[in-house]
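# coords please:
(one chain, ligands or ions: 1)
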Amino acid sequence: MFRTFFVYLSKAAWARKIVTHWGITRRVATRFIAGDVLDDAITAIQNLNKKGICASLDLLGENTATPEDARRTAQDIIHILDTIDQYKVCANVSVKLSQIGLTLDPVMCQANLKLILDRAKQLGNFVRVDMEDSTVTQITLEIVQMMRENGYTNVGIVIQSYLYRSEKDIARLAHDGIPVRLCKGAYKEPSSVAYPKKREVDISYDKLATTLLDGAMVHDAPSVSSDGRVPPLPALATHDPHRIENAKNYASKINLPKKAMEFQMLYGIRRDLQEQLAAEGYPVRVYVPYGTQWYPYYMRRLGERPANVWFIVSNFFKN
Ligand code: FDA
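You can find the predicted model right below:
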């Protein structure tokens with residue numbers, strides 16, 4: 001219920017107006033968002049890199065409203081790739097297809113994605129396509145598959161363990177050797193497409209993680225690249241210690257080397273765990289979002305943990 005309400009708020013224009021103008025929520029947002037501009041994100045990444053942690057940089061924004069905005073966003077992402085190269089930081093990029101025009105015109109979206117992938121390829125970098133809500137799961141998979149068939153080996157996808165369909169999707173992706181980030185899923189989905197209970201989502205996560213880890217073994221367990229930008233095939237994106245422990249145990253059971261899998265977490269969440277895993281020798285990548293379009297991302301993060309909201313409320317009364 002709590003999470004559902006915040007996912008609803010993330011799409012409500014009236015709530016956006018209130019929250020984005022409220023000083024305290026803006027201040028708390030800085031815990032989850034690296035800043036408004038690219039320089040802020042580069043500084044955040046440099047700090048992570050000093051701890052042996054890599055990043056995936058995300059220019060915040062989704063459901064772009066016009067073709068011009070979608071094209072501009074694609075150019076902005078290309079600029080991010082250039083900046084990563086210029087500063088020599090350990091980072092790749094994450095992209096939402098709705099940012100670059102998916103909901104306006106899938107053909108234009110593909111053209112924009114190709115431009116981004118071309119530049120990433122020239123720079124030896126990698127692009128992760130984030131997964132959005134289930135209305136676009138199929139087309140997102142098809143577009144990534146199409147890019148791979150067109151020779152773009154520097155693109156990967158995200159699978160959400162809450163979807164019933166993910167078992168089949170992940171089996172195919174693991175078979176084809178396509179890099180997958182596995183997460184639980186952040187959107188509000190009906191019980192016709194997604195497990196309604198957290199316990200079921202967790203069970204599904206562990207099962208899908210084993211498929212991914214097995215898949216990496218079948219493909220000779222490629223390691224993360226030496227500069228850290230190109231990830232190994234399986235990326236386990238979760239802050240849930242049980243899911244992490246299960247994945248570690250299974251990988252060790254099948255003798256998958258540590259460098260052939262990676263753990264991913266969100267900026268500002270469980271920094272202790274990020275550092276612990278890096279110290280244990282696993283590649284760790286932190287998703288670093290920046291930009292002025294922080295509202296929907298921020299509301300999804302608040303909805304994941306009631307304590308985040310109580311923190312805002314208690315600060316409101318203190319100030
Ligand atoms: P769970 O929600 O069970 O949380 C486990 C523990 O982690 C909590 O008890 C708490 O300690 C901590 N925690 C989790 N969320 C927190 C928060 N917001 N604030 C403070 N503590 C928190 N989703 C999606 O649909 N598409 C995508 O492309 C992505 N991409 C993505 C990339 C990366 C790197 C990560 C880590 C996550 C995503 N997600 C995502 C989000 C994902 O689906 C999920 O909503 C969140 O990661 C929270 O789920 P957990 O796996 O952490 O488990």
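
# surely Ile77 meets Asp118?
No - the criterion here is C-beta atoms under 8 Å, and Ile77 misses it with Asp118 at 11.8 Å. In short, each C-beta sits where N, CA and C put it, glycine included.

# who has more neighbours out of the two?
Under the neighbour definition other C-beta atoms under 10 Å, Ile77 and Asp118 were set side by side, and Ile77 has more, 26 against 13.

# mind checking how far the more buried one is from Ala70?
11 Å (C-beta to C-beta, to the nearest Å).

# intersection of neighbour lists for these two?
Each of Ile100 lies in contact with both Ile77 and Ala70 under the rule C-beta atoms under 8 Å, 6 or more residues apart in numbering.

# phi, psi for the residue nearest the centre of the chain please.
Geometric centre of the chain, nearest residue: Asp130, 5.4 Å, by C-alpha atoms, centre = their mean. When read as degrees, to the nearest 10, the backbone of Asp130 gives phi -60, psi 160.

# got the contact list for it?
Contacts for Asp130 were tallied using C-beta under 8 Å, 6+ apart; they are Asp58, Ser94, Val95, Lys96, Leu97, Val158.

# widest-spaced pair of the residues you listed?
The distance between the two most remote of the contacts of Asp130 (C-beta to C-beta) is 13.1 Å, for Asp58 and Leu97.

# and the stretch 1-150 of the chain, which residues reach the ligand?
Residues of the stretch 1-150 of the chain lying near the ligand by C-beta under 6 Å from any ligand atom: Asp130, Met131.

# give me the neighbour count for the nearest residue to Pro241 once chain neighbours are set aside.
Nearest in space to Pro241, with sequence neighbours left out and distances taken as C-beta to C-beta, 6 or more residues apart in numbering, is Leu273 at 7.0 Å. Around Leu273 there are 17 other residues, counting by other C-beta under 10 Å.

# return the residues in contact with Leu273.
Residues near Leu273 by C-beta under 8 Å, 6+ apart: His239, Pro241, Ile244, Met265.

# now do the same for Asn112: helix, strand or coil?
helix (DSSP: H, G, I helix; E, B strand; the rest coil).

# to clarify, my last question referred to Asn308.
Three-state call for Asn308 (three-state DSSP): helix.

# how about it, nearest residue that isn't a chain neighbour?
Nearest non-adjacent residue to Asn308 (C-beta to C-beta, 6+ apart): Leu302, at 4.8 Å.

# my guess is the one you found contacts Val7. True?
No - with contact defined as C-beta under 8 Å, Leu302 does not count as touching Val7 (10.2 Å).

# more neighbours: which of the two?
More crowded of Leu302 and Val7, by other C-beta under 10 Å: Leu302, with 24 against 19.

# and that one, what's its pLDDT?
Leu302 carries a pLDDT value of 79.

# now it: how far from Leu60?
Distance, Leu302 to Leu60, using C-beta to C-beta: 15 Å.

# do the same with Trp14
Taken as C-beta to C-beta, the span from Trp14 to Leu60 is 20 Å.

# between the two, who's got more neighbours?
Per other C-beta under 10 Å, whichever of Trp14 and Leu60 has more neighbours is Leu60, with 19 against 8.

# drop anything exposed from the contacts of Asp130.
Buried members of the contacts of Asp130, scored by 16 or more other C-beta atoms under 10 Å, are Asp58, Ser94, Val95, Lys96, Leu97, Val158.

# which of those fall in helices?
Among those, DSSP state H puts none in helices.

# which one of the residues you listed is nearest to the ligand?
Val158 (3.9 Å; C-beta to the nearest ligand atom).

# what about the strands in the stretch 151-300 of the chain?
With DSSP state E, counting those that start in this stretch as the criterion, the stretch 151-300 of the chain has strands at 155-160, 180-183, 234-237, 262-266, 284-290.

# now those strands in a markdown table, with distance to Arg172?
As requested, the strands of the stretch 151-300 of the chain are arranged in a markdown table below (distance: least, C-beta to C-beta, whole Å):
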| stretch | distance to Arg172 |
| --- | --- |
| strand 155-160 | 10 |
| strand 180-183 | 10 |
| strand 234-237 | 15 |
| strand 262-266 | 21 |
| strand 284-290 | 24 |
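
# so for His219, which of those strands sits nearest?
Judged by C-beta to C-beta, the one of these that comes nearest to His219 is strand 234-237, at 10.2 Å.

# what's the closest one packed up against?
strand 180-183, helix 198-218, helix 241-253, strand 262-266 (3 or more C-beta pairs under 8 Å, 6 or more residues apart in numbering; DSSP states H and E).
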